[in-house]
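> need a structure here:
(4 chains)
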Protein chains: 2
Amino acid sequence: MDASLEPLKARRLALLLRERIASGEIAPGSRLASEPALALEHGVSRVTVRRALDSLAAEGLIDRRVGSGTFVREPEAPAPIVADFANMLTHLVEMGRRTGVRLISFAYAQPPETVVQALGLKPGERTQRSVRVRLIDGHPFSYLTTHVPERIGLTYSEADLASVPLLTLLERSGTVVERANQTISATLASPDVAEALGLEIGSPLLSLTRIVFGPDGRGVEHLHALYRPDRYAFQLELERAGNASERRWSPAPARGTGS
Amino acid sequence: MDASLEPLKARRLALLLRERIASGEIAPGSRLASEPALALEHGVSRVTVRRALDSLAAEGLIDRRVGSGTFVREPEAPAPIVADFANMLTHLVEMGRRTGVRLISFAYAQPPETVVQALGLKPGERTQRSVRVRLIDGHPFSYLTTHVPERIGLTYSEADLASVPLLTLLERSGTVVERANQTISATLASPDVAEALGLEIGSPLLSLTRIVFGPDGRGVEHLHALYRPDRYAFQLELERAGNASERRWSPAPARGTGS
DNA sequence: GTCAGTTGTTCTATACGCTAGACAACTAAC
DNA sequence: GTTAGTTGTCTAGCGTATAGAACAACTGAC
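As a prediction, this is how the structure comes out:
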């Protein structure tokens, strides 16, 4: 399946509209601008607009009615997962949603330079690299790449990794985990990630990099996670704190997730 | 400037290589596969490979040397800004980097449906909508769209907004700010945002939505921020906490920003 | 110097993304 | 019914991305 072939302008327009629909900027049930109007607005031909709408229709996002217009379909919404800053998903289980993991690859090899630096490895030291895809109710939502120093990785098996959280495996094997540094950013889906997450190449992704350290300050785990933003987002409750001269935000316990 | 025109296959290949370089999979200083080799490997013509490399070279990511090959350039890194979760930028000032703001638009109008719901506005209630671009050392890095209920917006002027942080304006005018809900996600750059931030259409962006509430639980400010991921990222230090039966991460005071 | 391998340049020919326009079929409002 | 506006379908043609190939200029190893 060489699906990834889609004309350039049509693709871009489709991505744009998909975003606007997903973000609620174009309300469900409402009518989209007409095809000629969209063509004019975006400076493309109507044929191109139609190609973009075709792909949205194929995904079931819109509903086209001859004579009356194109409408945003009500999402049968597997509502996006919301996680707090510590990346806790425990409440998911309580909410009765089933999560799963697919192990994509598992091997020991030379890690890329960035990982060597982040973990403070010795030159030439090898790592266990695993790639996993996490599912929610059967739908993939995250693409995890982890690197663990070889000596630590050997304390558990490939099968363990497919069922038990990595951090649990580490602590169970006696590795002491003390602190971590976490960075959040954004990227585009590369071909392999796109396929694993069921996305088009070039779709936006939330990116999280977490470097976990042991008590001696040496790196224990390097985690790189890519999330589908339509199925996963970080949420945080903030409280206004500080005295009058220096007001600031500070994290607060979560309230209701809001509908 | 219709820069955003880039061929399909070339674009995809460029995207792929850019990712591999950024992730360190192809180490800085090392040689890339030769153009004929890349062409063969990816099943495209050499012309296409060259177009992809052209765009990488234009970004300064690679260095082409006739007769010897193409090399990954050491990043001269205009180091990305790092902010913690409360979105504090105060340390930036200490670091001697100058920030600025450009006011793009300012008007009172009917807000979109999502804002109405988020702030709990009455139907028909108007808001002050402002769009600002924030700069670091003269380079744009974020695109801010804020909505404030009209009655509150009237307590300050357009000029105020271009120089004083919005939250300060609110509190100065007697509005009490208590808590906020913050969501982080990812999107693509639409044409207007792309131009304002100096990006191509379809570039990935970090997205932050913050809804600020007053003591009565009514919405006071709706903020939507889009960040260039190459110039801005969220960073958080975590500590391993909790007892043996339920270990978890909790936020910790920041250490050195790392290099 | 020689030689294999590299990037730079130019050419031709094909494939196809994209535009522009016209017309049909349908819908909803009047 | 009439009419304006919508999506569906088709055609013709332009511009350009892509493939393929040849040659020049340059580099580094030997």
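> By mean pLDDT, which helix or strand of chain A comes out lowest?
helix A:90-94 (a mean of 54; mean pLDDT, DSSP states H and E).
> Quick one: mean pLDDT for the helix or strand just after that one?
Next helix or strand after helix A:90-94 toward the C-terminus (DSSP states H and E): strand A:99-109. Mean per-residue pLDDT for strand A:99-109: 93.
> domain assignment for chain A?
Split into domains by automatic domain parsing, chain A comes to A:8-72, A:81-237.
> residue in the stretch 101-250 of chain A nearest to chain B?
In the stretch 101-250 of chain A, the residue that lies nearest chain B is residue A:114 (3.2 Å; Cβ to the nearest Cβ). C-betas here are computed from N, CA, C, even on glycine.
> sec struct for that residue, please.
The three-state label given to residue A:114 by DSSP: H, G, I helix; E, B strand; the rest coil is helix.
> check contacts around it.
By Cβ atoms under 8 Å, 6 or more residues apart in numbering or on different chains, the residues touching residue A:114 are B:23-24.
> switch the cut-off to 6 Å
For residue A:114, the contact set (Cβ atoms under 6 Å, 6 or more residues apart in numbering or on different chains) comprises residue B:24.
> now swap in residue A:51 and tell me
Neighbouring residues of residue A:51 by Cβ under 6 Å, 6+ apart: residue A:10.
> For the stretch 101-250 of chain A, which segments count as helices?
Using DSSP state H, counting those that start in this stretch, the helices of the stretch 101-250 of chain A run over residues A:113-119, A:150-153, A:158-161, A:166-172, A:191-197.
> what does the stretch 1-150 of chain A put close to chain B?
Residues of the stretch 1-150 of chain A found near chain B (Cβ under 6 Å from any Cβ of the partner chain) are A:8, A:12, A:15-16, A:19, A:24, A:27, A:85-86, A:112-114.
> In the stretch 151-259 of chain A, which residue sits closest to DNA strand C?
residue A:202 (13.4 Å; Cβ to the nearest atom of the strand).
> can you give me the strands in the stretch 151-259 of chain A?
Under the criterion DSSP state E, counting those that start in this stretch, strands of the stretch 151-259 of chain A are mapped to A:179-188, A:204-213, A:219-227, A:232-241, A:248-252.
> Paired strands for the first one, with orientation please.
Listed by DSSP bridges, the sheet partners of strand A:179-188 and their directions read strand A:204-213 (antiparallel), strand B:232-241 (antiparallel).
> Just give me the lowest mean pLDDT stretch among the ones you listed.
Ranked by mean pLDDT, these bottom out at strand B:232-241, which scores a mean of 86.
> which outside residues touch that one?
Surrounding strand B:232-241, the residues in contact under the criterion Cβ under 6 Å, 6+ apart are A:177-185, B:80-83, B:85, B:141, B:249-250, B:252, B:254-255.
> Any of these buried? List them.
Buried members of the contacts of strand B:232-241, scored by 16 or more other Cβ atoms under 10 Å in any protein chain shown, are A:177, A:179-185, B:80-83, B:85, B:141, B:249, B:252.
> Just give me the closest of these to DNA strand D.
The closest of these, once distances to DNA strand D are taken by Cβ to the nearest atom of the strand, is residue A:185, at 27.9 Å.
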